[in-house]
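**Student:** Give me coordinates for this.
(chains A and B)
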Amino acid sequence: MTLPGPASGRARLTVDPIACDGRGICAELLPGLITLDDWGFPIIHGDVPPALRDEAAEAARLCPKLALRLTAGRSVPGESVPGEAPARPAAGRRRRRWSRS
Amino acid sequence: MSPAERGTAAPARRGVAETADGGAAGAARLLATGSRGQATSLAEHLARHGPLPACAGADPWELIGEVERAGLTGRGGAAFPTAAKLRAVRNAAAGRAPLVIANGTEGEPASGKDRALLASAPHLVLDGAVYAAGLIGAHEAVVIAHRDVAGAVTAAAAERRNAARGRRPGADHVRVRVMEAAPGFVAGEASAVVNWVERGDARPTGRSPRSGGTGPASRPGAPGRRAGRARRPVLVQNVETLAHLALIARHGAGWFRSAGTPAEPGSMLITVTGAVRRPGVYEIGIGAPVSELIDRAGGACAPLTAFLVGGYFGTWVDAAQAAARPFSAAGLAGLGASPGAGLIAALPGNLCGLAETARLARYLAAESAGQCGPCVFGLDAIAGQLGRAATGPSAELGTVRRWLGQVTGRGACRHPDGAARMIGSALDVFAAETAGHARGWCQATSTARLLPVPGRVRS
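**Tutor:** A predicted model of the protein is given here:
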């Protein structure tokens, strides 16, 4: 994936909610941009400011589930982004990861 | 009551569809076919509606333009403009033949309209699927039918194949396959339906069916989950939408617009349930007043306090405020509600709306596909607090409000959003009841359960 240059507009972070399992590393790396909900899953607050572009790319790279992704463009409030789910490392069917208690 | 009985609860009004009465309440276009309780045969269907006009030879963009002029929108709950979806899939096809999926999953437990339609007029739905295939250049259509009606739809599809063999009227130029729907509430979500057809897994994927997705499998030459196979764009339409499309193909946009309102034309199938004398499926012109729907269903059998409008992802509204409102997106918007999947459930005054909502919340939490953390943990936590609120004074409903905000927009599909919407509306409409519970009393005089929740669900 190529990141937009500094002059080509804004970047945003998206989370693939299926891949994410709430490790919380992203919120530690980007405390101003990502907070965790009551169950430890990331909530993203707005677009990535240019000053945080490198940190955001690093957070996406370090996500152990590859669930965090940095893309060009502005986030649209209330609009899901179908088809923007990041590629998963391995092929094959996803398994259920959560047990209900 | 079985779904077949629900279907026949609609008055059989012969000949109405052709006269296009244009009135608010009497627009019987879809369910008026067939004899009571039985699926319309291919011969009956052709005698009534005539043959489906062929797409071949016509400009598909022009035919899609007619659908746009008709103003048809999806009847599965989202009311998305059908012409826009047809265009998007046709544009995305780019050499790959797309697929049509007629969605008759009807995972909404209280809804019976898709089953009623498939049980009484399966050929109208099959016509619509075939016509949609022609519009977007698909060679294959899959009809997903709820388990209760899969047999009737399979028989109807076989009739058409036999007609093709005997070179009789009613044959299709598109391969039509019937598949039984997966059980479960989320199985009817568009990406889950595609996942069910393509991979036998009825969980949402979060990928847009229209574009074929932008994952690695859709990049030319890239290895996909099924090696080398590009995902094809898929048109997912609710079965009722396709039945309307089949009639627009025959009678045109002007005819379609002769029912409903200028902004929301056409008729709509509505499941009326709860405290009414004749619960069932009724066809109305969009915009008929809510009170008229209740009258069509025989009237209320008790004083009503609230309606659940749209389905389990819908909105609770105060009965007195809603009665005079038109059943349309515009008419219900002032109450924060929308027609959704065409459901209205009447809550009588002797039942506790908070207890009903707690039961629905527990059901929806259990029906999470279990893939996304905020949905799995959030809905479970919300249902837990609502259960406490329904049975005692110790719930933290302020926390529930905060959680409703936290789960909205946080899943791969809209399951958490829909559940949060319904629960949030209950906290508003049943505010007095909720305050009473906090002080340890409940105004309900009965513990009967109104809305169905399938499966083993704790209440």
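**Student:** Show the low-confidence segments of the chain, by residue range.
**Tutor:** Went with chain A since none was named. For chain A, applying pLDDT under 70 flags the ranges A:1-9, A:73-101.
**Student:** Please refer instead to chain B.
**Tutor:** Ranges of chain B meeting pLDDT under 70: B:1-27, B:32-37, B:211-230, B:456-459.
**Student:** Looking from chain A, tell me which residue of it is nearest.
**Tutor:** Residue of chain B nearest chain A, by Cβ to the nearest Cβ: residue B:208 (3.2 Å). C-betas here are computed from N, CA, C, even on glycine.
**Student:** longest helix anywhere in chain A?
**Tutor:** The helix spanning the most residues in chain A, taking DSSP state H as the definition, is helix A:53-62.
**Student:** can you pull the buried residues of that one?
**Tutor:** Neighbour-count burial for helix A:53-62 flags A:53, A:56-57, A:59-60 (criterion: 16 or more other Cβ atoms under 10 Å in any protein chain shown).
**Student:** can you tell me which residues contact residue B:122?
**Tutor:** If you count contacts by Cβ atoms under 8 Å, 6 or more residues apart in numbering or on different chains, residue B:122 has them with B:39-40, B:149, B:152-153, B:155-157.
**Student:** Ignore what I typed, I meant residue B:401.
**Tutor:** Residue B:401 neighbours (Cβ under 8 Å, 6+ apart): B:424, B:427.
**Student:** Quick check: which element contains it?
**Tutor:** Using DSSP states H and E, residue B:401 maps to helix B:397-407.
**Student:** quick one: that helix to chain centroid distance?
**Tutor:** On the basis of Cα atoms, centre = their mean, to the nearest Å, helix B:397-407 sits 27 Å off its chain's mean C-alpha point.
**Student:** still on that earlier bit, would you turn the buried residues of helix A:53-62 into TSV with distance to residue B:451?
**Tutor:** Below are the buried residues of helix A:53-62 laid out as TSV (distance: Cβ to Cβ, whole Å):
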residue	distance to residue B:451
A:53	49
A:56	45
A:57	48
A:59	44
A:60	43
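**Student:** hey, where'd the helices end up in chain A?
**Tutor:** A:25-29, A:53-62.
**Student:** Looking at those helices, which is nearest to chain B?
**Tutor:** Of all these, helix A:25-29 sits nearest to chain B, with 13.2 Å by Cβ to the nearest Cβ.
**Student:** Which elements pack onto the closest one?
**Tutor:** strand A:34-36, helix A:53-62 (3 or more Cβ pairs under 8 Å, 6 or more residues apart in numbering or on different chains; DSSP states H and E).
**Student:** Could you export those as JSON lines, including distance to chain B?
**Tutor:** Shown next, in JSON lines, are the helices and strands packed on helix A:25-29 (distance: least, Cβ to the nearest Cβ, whole Å):
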{"stretch": "strand A:34-36", "distance to chain B": "10"}
{"stretch": "helix A:53-62", "distance to chain B": "17"}
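**Student:** Relative to residue B:326, which of these is closest?
**Tutor:** Residue B:326 sits nearest to strand A:34-36 of all the helices and strands packed on helix A:25-29, at 41.8 Å, using Cβ to Cβ.
**Student:** Show me what that closest one is in contact with.
**Tutor:** For strand A:34-36, contacts defined as Cβ under 8 Å, 6+ apart pick out A:13, A:22, A:24, A:26-27, A:42-45, A:59.
**Student:** cutoff 6 Å now
**Tutor:** The contact list for strand A:34-36 (Cβ atoms under 6 Å, 6 or more residues apart in numbering or on different chains) reads A:24, A:26-27, A:42-44.
**Student:** Please produce a PyMOL select command covering the buried subset of the residues you listed.
**Tutor:** The PyMOL selection below is limited to those of these classed as buried (16+ other Cβ under 10 Å):
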select buried, chain A and resi 26+27+42+43+44
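**Student:** what's near enough to touch the residue lying closest to residue A:29 once chain neighbours are set aside?
**Tutor:** Leaving aside its chain neighbours, residue A:29 sits nearest to residue A:59 (4.3 Å; criterion: Cβ to Cβ, 6 or more residues apart in numbering or on different chains). Residues near residue A:59 by Cβ under 6 Å, 6+ apart: A:26, A:29-30.
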